[in-house]
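Visitor: need coordinates for the below:
(chains A and B)
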There are 2 protein chains.
Amino acid sequence: MADDTGSSRSKPGPRPRPQVPPVQMPWAPPILQDRPIDPLSPENVVRLDAAVRRILSDVGIDVQSTEVAQILRQAGCRVTGTLVRMDGDFLTEMLARAPRRFDIIPRNPDRTITVGDGHLLFGSVSSPPNAWDMERGKRPGDRAAMRDLLRLSQHFNCIHFIGGYPVEPAEVPPSLRHVECLAEMLRLSDKACNVYALNATQAEESMEMVRIAAGLSADEFRQAPRMFSNINSVSPLKHDGAVLEAALRFARAGQAVFVTPFAAAGISAPTTPAGAVALSLAEALSAIALLQYASPGCPVALGSFTPTADMKSGAMLFATPESLRATQIAGQMARHYGLPLRASNACSAPVPDGQAMWESAAMLWTAVRSGASIIYHAAGWIEGGMSASCEKFLMDCEVLQQIQRYCAPGLNDCGDEGLSLDLIARIGHGGHYFGHAQTDAQSRDAFLRGFLSDTRSYENWAQDGAVWTSERAHRMVPRMLADCVDPPLPEGAQDQLDRFLDGRRRAAGVAEPA
Amino acid sequence: MADDTGSSRSKPGPRPRPQVPPVQMPWAPPILQDRPIDPLSPENVVRLDAAVRRILSDVGIDVQSTEVAQILRQAGCRVTGTLVRMDGDFLTEMLARAPRRFDIIPRNPDRTITVGDGHLLFGSVSSPPNAWDMERGKRPGDRAAMRDLLRLSQHFNCIHFIGGYPVEPAEVPPSLRHVECLAEMLRLSDKACNVYALNATQAEESMEMVRIAAGLSADEFRQAPRMFSNINSVSPLKHDGAVLEAALRFARAGQAVFVTPFAAAGISAPTTPAGAVALSLAEALSAIALLQYASPGCPVALGSFTPTADMKSGAMLFATPESLRATQIAGQMARHYGLPLRASNACSAPVPDGQAMWESAAMLWTAVRSGASIIYHAAGWIEGGMSASCEKFLMDCEVLQQIQRYCAPGLNDCGDEGLSLDLIARIGHGGHYFGHAQTDAQSRDAFLRGFLSDTRSYENWAQDGAVWTSERAHRMVPRMLADCVDPPLPEGAQDQLDRFLDGRRRAAGVAEPA
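Guide: Residues are numbered from 1 along each chain as shown, chains lettered A, B, ... in the order given. Down below sits the predicted model:
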């Protein structure tokens, strides 16, 4: 399927057109209308905050970087080697510097996203090592699969940012992966994107590429957040020092950093949601304090990623009730600290079936109602993040569109039109609203129409081949890909990117693009 | 599959035992820990309430019963034929009589359920005309399918009440269906059950059967709610007069009545959520006012059932974003009126696939967070209610158990154990929580273990046959049914029920049970 599309893409001549063009909603990142769920009492918020401060002050965090340790010593933290103990007052002062809300302006300014304050942003799946589809099953990720998923990410208006490479292309040498993948992301999408950086050099390289793709000068680039990077701590209570050093480069250049501890309850964190979140907050807030010290007011977000352990096997389970609560607790604490929340749509199911969708629906609706602003892996993730799937991507997008529609303020309208009292009086007792002129007028925008759901009668569905949802999605993928249009880069940007890449390839001793 | 089980049931000898007994949670109807979602501002609550009162006062409602019209005329309503106009003051006075909360005590008092005040009650699917399974597809409902689903409903602790016959047995004559099906419900389950009554005679017959099955005297029966009946109005603004007369009999006998308008937005109600809910509330509250006038303080609940129209075909769509909002608005208004809310887990998908589960997960989590107390069709509904499926029943139960676990107050614990500060200090930087003694001690109850989810690695799952969720459920059904134990009836009750049924069969001119 993806192969077909990949080859048709390089062929001349007209592409096959879909018979029924799939309907999708316009670009309009939703804004949550509801008060988020607060699982904790005000007293428990105070207790959890006190626990975080005690962890940072008494137990401390290992930053694994002499550069970072020196900065934090200078800031007044108690430092032994790379172990940093941070006082509550310092933390408070640094958190006060962080913005509650900020914009990220990608190379297409029409795709600017606002982070924080109830703005909901859905990102494409990122980082699985494998691709999966209905025909070929699971296989190592490659460039072709990466491109398919990047094109879908660009195509769907309900996807607001590129979370990273949607599958890791195994054929690309690891030393070049961050630049090769970023080049693909920047070529195939004009939306804001996550860049990877395992060290300061990679951070500088990534920023340079984003700058080139946007056609900006170095000064212009630094005038606003143009991109973001997500960093994970190494739970429990450790950071990857080189990654922190990369984050410092982003922060100093005014670019956004999301700090997401990978605190798996029962594995790298306590089993209890509050305990896992306490540990996770200590890790995230210590990094955020560092960044705010180094670059006051730099855009940051607090990430929550708390799977739970299968206590028999030690495997990680996603979308469990305990992890849903952990996300909510993290969201409440993020509001307490005045930070935007990053969450995820993760599931455990190996294939995009019923389990995958009860897991993903629970994760997505929970992320929304936890007050999350940035939702990674919103579309396409299966198998605990080991694989990305185009079928699942489409299935998730159907749910994302429902969430977008759910957030339309008009749905709560209790004005004259919302209450429809005149119409109710006119139709009276036992009449019909269907086909009525006012209903017709309202109806054009009254209800969301999905692109993937089958809501016909069973008999119609059966006559049409009795196609289950994942198979419907599978058949739709090539049609969708045929519809995808790669966004033009600014004049000369592709050449500059190519030259930049060639330089990195030569430096790495790789002659040709993989 | 169901056939196998049906025949093995009548065979002597040991039943086949499942190799791995499915784990299920104990009977413990959950209590919502969260503040429900309030989609409306306080001003909009006032506006919506005013709209409901204007509809009842100005447009009125057709009760289609001279008995009911007479009662409401006596109560001071303005009545023309069977068209009743009800003033706001009367409505307020009657609603004040309704209890916020009440218990229903079925024949097994250990299965007593509390309605209202955040208590969550999940009911089995009810009333589809067809059964569906993975092997046989869709077919007309029959006794065998009804029994399978009733046994599963009794077996699963996360099912708290029997919503009615889970499929309509086509072979049972319509004139006897209410008693024949109720006899099956009472024999195969000791949980609280919904009884059907299309008129006053059927209401009296149903109550008599529930009384017999519980081994109660007529006086004892009336001392508490022992059962409940759900009635639907005929939107827009009409009631079925005979059904209202049945409801009066239940109310006068102290039995519970849930009033659920079938207000399909764009079909029998306005397209706007607030308009559809306004219409729906006018219908429901008029019936509740009638019942409170006739039997002050009788147990009632407000039902919300608001699918939306496919504006092309006129078909009803379930689990749409607009219907989710309507449920929330109805929940907020139910709290405003001090009434328990009844909601549903409805989906449109023709089979238990990904679509079915993103629809059902959205409906279930929305019902919970709308503050619904009574959730009909919580397990087993597919295809817009045209079919019931054992596979879907199991899939829904997995989600219901997750909700039960989600509601455990311990998940929000921020005490010493919840925060786990000592453990965090002890494990320190870079250690492991998995396998740690305290983690082990906590872990026994730390995480819910599902019975249907597959959370193993893809490779293990593939080696084990690569079985998708619906197929896993399908294979599990016979094992589950083999585990089911029919609850004993009180001494002599079966004989009395049989005699009662024989009398009704003779009266209907039917010699043998179908």
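
Visitor: can you report phi and psi for A:Thr258?
Guide: Actually, residue A:258 is Phe. It isn't Thr. Main-chain dihedrals, A:Phe258, degrees, to the nearest 10: phi -110, psi 130.

Visitor: and what of the one 4 residues further on?
Guide: Listed backbone geometry of A:Phe262 is phi -100, psi 80, with angles given as degrees, to the nearest 10.

Visitor: show me what contacts the closest residue in space to A:Met86 that isn't next to it in sequence?
Guide: Spatially, and ignoring its direct neighbours in sequence, A:Met86 is nearest to A:Leu56 (4.4 Å; CB to CB, 6 or more residues apart in numbering or on different chains). (C-beta placed from N, C-alpha, C; glycine too.) Residues counted as contacts of A:Leu56 (CB atoms under 8 Å, 6 or more residues apart in numbering or on different chains) are A:85-88, A:91, A:282, A:285-286.

Visitor: looking at these, spot the one nearest A:Leu411.
Guide: Within the contacts of A:Leu56, proximity to A:Leu411 (CB to CB) peaks at A:Leu285, which comes in at 36.1 Å.

Visitor: what about the closest one, distance to B:Glu417?
Guide: In this structure, A:Leu285 and B:Glu417 are 23 Å apart, going by CB to CB, to the nearest Å.

Visitor: more neighbours, those two?
Guide: Neighbour totals were compared for A:Leu285 and B:Glu417, and A:Leu285 leads with 29 against 18 (other CB atoms under 10 Å in any protein chain shown).

Visitor: let me know the pLDDT of that one.
Guide: On pLDDT, A:Leu285 comes in at 98.

Visitor: how about whichever residue of the stretch 101-250 of chain A sits closest to chain B: what's its closest non-neighbour residue?
Guide: Residue of the stretch 101-250 of chain A nearest chain B, by CB to the nearest CB: A:Leu237 (4.5 Å). Across the structure, with CB to CB, 6+ apart as the measure, the residue nearest A:Leu237 apart from its sequence neighbours is B:His429 (4.5 Å).

Visitor: for the one you found, give me the pLDDT.
Guide: Confidence per residue is given as pLDDT, and for B:His429 that number is 95.

Visitor: and if you look at A:Ala446?
Guide: As summarised for this prediction, A:Ala446 has a pLDDT of 76.

Visitor: for it, what are phi and psi?
Guide: A:Ala446 adopts backbone torsions of phi -70, psi -40, taken as degrees, to the nearest 10.

Visitor: mind checking pLDDT for the nearest residue in space to it that is not next to it in sequence?
Guide: On the basis of CB to CB, 6+ apart, the spatially nearest residue to A:Ala446 that is not a chain neighbour turns out to be B:Thr271, at 3.8 Å. Residue-level confidence at B:Thr271 comes out at 93, pLDDT.

Visitor: any idea how many residues pack against B:Thr271?
Guide: By other CB under 10 Å, the residues close to B:Thr271 number 29.

Visitor: helix, strand, or coil at it?
Guide: Look at B:Thr271: counting by DSSP: H, G, I helix; E, B strand; the rest coil, its state is coil.

Visitor: OK, contacts around the residue in the stretch 151-300 of chain A that chain B sits nearest to?
Guide: Distance from chain B to each residue of the stretch 151-300 of chain A (CB to the nearest CB) is smallest for A:Gly275, at 3.3 Å. By CB under 8 Å, 6+ apart, the contact list for A:Gly275 reads A:265, A:269, B:418-421, B:423-424.

Visitor: continuing past the helix or strand hosting A:Ala287, what's the next helix or strand?
Guide: Mapping A:Ala287 onto the secondary structure by DSSP states H and E places it in helix A:273-294. Proceeding C-terminally, helix A:273-294 gives way to strand A:300-303 as the next helix or strand, assigned by DSSP H and E.

Visitor: related to what we said a few turns ago, if I look at the residue nearest to A:Ala446, how far off is B:Ala309?
Guide: The separation that B:Thr271 has from B:Ala309, given CB to CB, amounts to 7 Å.

Visitor: so A:Arg504 is in which element?
Guide: Short version: A:Arg504 belongs to helix A:493-508, going by DSSP H and E.

Visitor: give the buried residues for that helix.
Guide: Buried residues in helix A:493-508, counted by 16 or more other CB atoms under 10 Å in any protein chain shown: A:493-494, A:496-497, A:500-501, A:504-505.

Visitor: can I get the CA coordinates of stretch A:337-353 in CSV?
Guide: Listed next in CSV are the C-alpha coordinates belonging to stretch A:337-353 (Å, rounded to 0.1, in the frame of the first residue of the first chain):
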residue,chain,number,x,y,z
TYR,A,337,2.8,26.0,38.5
GLY,A,338,1.4,28.0,35.6
LEU,A,339,3.0,25.7,33.0
PRO,A,340,1.4,24.3,29.8
LEU,A,341,1.0,20.5,30.0
ARG,A,342,2.2,18.0,27.4
ALA,A,343,0.4,14.6,27.4
SER,A,344,0.2,11.7,24.9
ASN,A,345,-2.2,9.3,23.2
ALA,A,346,-0.5,6.0,24.0
CYS,A,347,-2.0,2.5,23.7
SER,A,348,-0.8,-1.0,24.3
ALA,A,349,-2.7,-2.9,21.6
PRO,A,350,-0.5,-4.5,19.0
VAL,A,351,-2.9,-3.7,16.2
PRO,A,352,-5.5,-1.0,15.5
ASP,A,353,-8.5,-2.9,16.8
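
Visitor: just the buried positions in that stretch, please.
Guide: Taking 16+ other CB under 10 Å as the neighbour-count basis, stretch A:337-353 is seen to contain the buried residues A:337, A:339-353.

Visitor: ok, the residue lying farthest from the centre of chain A - contacts?
Guide: Computed with CA atoms, centre = their mean, the maximum C-alpha offset from the centroid of chain A is found at A:His429, amounting to 49.1 Å. If a contact means CB under 8 Å, 6+ apart, then A:His429 has B:59-62, B:83, B:236-238 as its contacts.

Visitor: low pLDDT regions in chain A?
Guide: Counting by pLDDT under 70, chain A shows low-confidence ranges at A:1-22, A:437-444, A:511-514.

Visitor: spatially central residue in it, please.
Guide: By CA atoms, centre = their mean, chain A has its centre lying nearest to A:Tyr376, at 2.0 Å.

Visitor: the closest residue to chain B within the stretch 1-150 of chain A - how many residues pack around it?
Guide: Closest approach between the stretch 1-150 of chain A and chain B, counting by CB to the nearest CB: A:Asn44, at 3.9 Å. Residues near A:Asn44, counting by other CB under 10 Å, number 20.

Visitor: ignoring the adjacent residues along the chain, who's closest to it?
Guide: Leaving aside its sequence neighbours, A:Asn44 sits nearest to B:Cys414 (CB to CB, 6+ apart; 3.9 Å).

Visitor: alongside chain B, which residues does the stretch 1-150 of chain A contribute?
Guide: Applying CB under 8 Å from any CB of the partner chain, we find that the stretch 1-150 of chain A lies next to chain B at A:33-35, A:37-40, A:43-44, A:47-48, A:51, A:54-55, A:58-62, A:83, A:137-138.

Visitor: I'd guessed A:Cys298 sits against A:Gln292; true?
Guide: Yes. Contact criterion CB atoms under 8 Å: A:Cys298 and A:Gln292 qualify, at 6.6 Å.

Visitor: list residues touching both of the two?
Guide: Common contacts of A:Cys298 and A:Gln292 (CB under 8 Å, 6+ apart): A:Ala98.

Visitor: pretty sure the residue of the stretch 101-250 of chain A closest to chain B is touching B:Gly430, no?
Guide: Yes. When contacts are counted by CB under 8 Å, A:Leu237 is listed as touching B:Gly430 (7.3 Å).

Visitor: looking at those two, which one has more neighbours?
Guide: Regarding A:Leu237 and B:Gly430, a neighbour count based on other CB under 10 Å identifies A:Leu237 as having more, with 28 against 13.
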